[in-house]
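Participant: Dropping a prediction and its sequence here:
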Amino acid sequence: VIYAFEADENWEARINEFNNCTGANLDISYTENEDAMAGEVIIDAGTKDKEGASIFDAYILELPWSIPVAERLQDIKNIDGFDVNDVSWTDINEFSRASVTFNESIRALPLDTDYITIGIRQDLYDKYNMSVPNTIEEMA
């Protein structure tokens, strides 16, 4: 069973497709309280020094929640038949690669990364003789 922090209608189709292709019998379960997921993963996976409940086989979670349990997650590089060169690893940005790599081991694959940015048009500030804001509040 995969334990996920957020329901998504696309997971059911992908899991069914995987089950049909492989003969596996994966299922997905969602937390009832996303804010509690970090603690729930520690209880289930355990930590470096403590065994967990081991109810779930895999997790779909936010990056910070994986850090305390990283050593309890499978090093993907050690899975039989897995070759890191077969993954388009260079298609994944450097930060995302680093975020799932712990002590030379790959403990997860990044599924989604949101980078929210603000771009300042210096030409407009110059044109209207304005100072570039230093804080979000100054942008209002």
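Facilitator: Structure's in. What do you need?
Participant: tell me which element Tyr125 falls in.
Facilitator: helix 122-127 (DSSP states H and E).
Participant: Would you mind writing the CA trace of that helix as CSV?
Facilitator: Written as CSV, here are the backbone C-alpha positions of helix 122-127 (Å, rounded to 0.1, in the frame of the first residue of the first chain):
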residue,chain,number,x,y,z
GLN,A,122,14.1,47.0,-14.0
ASP,A,123,13.3,48.9,-17.2
LEU,A,124,9.9,49.9,-15.8
TYR,A,125,11.3,51.0,-12.5
ASP,A,126,13.8,53.1,-14.3
LYS,A,127,11.2,54.5,-16.7
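Participant: Next SSE downstream of that helix?
Facilitator: Downstream of helix 122-127, the next assigned helix or strand under DSSP H and E is helix 136-139.
Participant: elements contacting that following helix?
Facilitator: Of the remaining helices and strands, none touches helix 136-139 by 3 or more CB pairs under 8 Å, 6 or more residues apart in numbering; DSSP states H and E. C-beta here means a position set from N, CA and C on the backbone, and glycine is covered the same way.
Participant: I appreciate the help and will end here.
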